[in-house]
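1. after the sequence you'll find the predicted model.
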There are 2 protein chains.
Amino acid sequence: MKFTEAQSEFIQLWGNFGSQWGINKTMAQVHALLLTSDEALSTDDIMETLAISRGGANVNLRELMVWNLVYKSAKPGDRKEFFVAEKDMWEVAKRITRERKRREIEPLMHHLNRLKTVDEADPQSLNFVKLVGDIERLVGRMNKTSDTIMKMEENAFFGSIIRLLK
Amino acid sequence: MKFTEAQSEFIQLWGNFGSQWGINKTMAQVHALLLTSDEALSTDDIMETLAISRGGANVNLRELMVWNLVYKSAKPGDRKEFFVAEKDMWEVAKRITRERKRREIEPLMHHLNRLKTVDEADPQSLNFVKLVGDIERLVGRMNKTSDTIMKMEENAFFGSIIRLLK
DNA sequence: TTTTATTTTCAATAATTACTGAAAGTTTTA
DNA sequence: TAAAACTTTCAGTAATTATTGAAAATAAAA
């Protein structure tokens, strides 16, 4: 398979995969394009390669910067902005996890907590309060456990670096 | 807050939360309704409470059964089908994880593996192959990690049961 | 300051995704 | 076997979500 062919398959794949999770398909495709590019790309490069509008390219690039997955990169003598993706996939995973936690887990926990103020007199409330409590504990525990495992993985990562330096 | 009020807020919440991940909003709402119902519900109950059509109720109930989150439950003397949700949230988490792995991770890994057959002559392929390999390792590791989380949580769960028995 | 290059915004539109409702299919009862 | 009760399907439609493209805003150069 030729590189360009493999690259465009990867862009498609990443776009479909992203849109199965709550991530905009085009945003995932821009990300995939930058991940597979050795050079920094301009908005025009991205518009051309992905056949999307200037507006779309701009909005998705800025969103990728909010997620900390893409940075601006100036080229001397060129007024245009160029963009590069963070290539360390471990960093990528950490940043996606962090952003999703912030956007989803935190508001969920907040809402669930509020729901526990349900009137306890209603007999149906008994199971309801238990359910909400179970979900809180489950989500909270998974959140903590994923932090623990991220740290474990990180230590394993740095551990192997340190061994290399010895 | 009254029970019915809290219940409908929960249904909304679960629906919105589900649709942020790739889960159909109505399916998540049907799930939420069944999770918060003490009694088994008929298709008509669900249509009425959520104000959805018979077709929608039917399709989403069957999808919930594919995910193993909802079961049919017969009522003696009634020809209608009634439905109940699995109430053990730990089981719910395991089944959702299992289904998403099957639908998303396995096909992704398969596609990524195929992309590694890219022509190595192209200088851009060097980074491409590294990227694909990194993603494979990362996804594979996260997959294992989620197994680890599940086992840790399961042990924590049984651990607390055992403590109760002592 | 004016011109030019570039980025950003957002109303209109397109694409996608989900839902309805009635007809067809199935199962049960009489 | 026929009628009744209930479930399933799916073409048409509605709702949601994403994209375009041109105008406005901003920044740099002349």
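-> Nice, thanks for sending it over.

2. near DNA strand D, which residues of chain A show up?
-> For chain A, the residues in contact with DNA strand D (C-beta under 7 Å from any atom of the strand) are A:24-27, A:51-56, A:59-60, A:79. To be clear about C-beta, it is placed using only N, CA and C from the backbone, and glycine gets the same treatment.

3. need those in TSV (columns: neighbour count, secondary structure and distance to A:T145).
-> Shown next, in TSV, are the residues of chain A next to DNA strand D (neighbours: other C-beta atoms under 10 Å in any protein chain shown; DSSP: H, G, I helix; E, B strand; the rest coil; distance: C-beta to C-beta, whole Å):
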residue	neighbour count	secondary structure	distance to A:T145
A:N24	17	coil	29
A:K25	16	helix	30
A:T26	20	helix	33
A:M27	22	helix	28
A:A51	7	coil	42
A:I52	17	coil	39
A:S53	11	coil	42
A:R54	11	helix	43
A:G55	9	helix	41
A:G56	16	helix	37
A:V59	16	helix	35
A:N60	22	helix	32
A:R79	6	coil	48
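
4. if we check DNA strand C, which of these are in contact?
-> Answer for these near DNA strand C (C-beta under 7 Å from any atom of the strand): A:54-55, A:59, A:79.

5. now render the residues you listed as a markdown table, adding pLDDT.
-> Listed next are those as a markdown table, based on pLDDT from 0 to 100:
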| residue | pLDDT |
| --- | --- |
| A:R54 | 98 |
| A:G55 | 98 |
| A:V59 | 98 |
| A:R79 | 92 |
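
6. quick one, domains of chain A?
-> Domain ranges of chain A: A:3-85, A:89-165, per automatic domain parsing.

7. is chain B contacted by the last one?
-> Yes. Using C-beta under 8 Å from any C-beta of the partner chain, domain A:89-165 reaches chain B at A:89-90, A:93, A:104, A:108, A:111-112, A:115, A:117-119, A:122, A:124-125, A:127-128, A:131-132, A:134-135, A:138, A:141-142, A:145-146, A:149, A:153.

8. how about the residues of chain A that lie near DNA strand C?
-> With the criterion set to C-beta under 7 Å from any atom of the strand, chain A comes near DNA strand C through A:19, A:42-43, A:54-55, A:58-59, A:61-62, A:78-81.

9. identify the farthest-apart pair in these.
-> Among the residues of chain A next to DNA strand C, the pair separated by the greatest distance (C-beta to C-beta) is A:S19 and A:R79, at 33.7 Å.

10. who's in contact with the residue most central in space within chain A?
-> Among the residues of chain A, the one closest to the centroid is A:I96, at 2.7 Å (C-alpha atoms, centre = their mean). A:I96 is in contact with A:67, A:69, counting by C-beta atoms under 8 Å, 6 or more residues apart in numbering or on different chains.

11. quick check: it is in a strand.
-> No. Secondary structure of A:I96 (DSSP: H, G, I helix; E, B strand; the rest coil): helix, not part of a strand.
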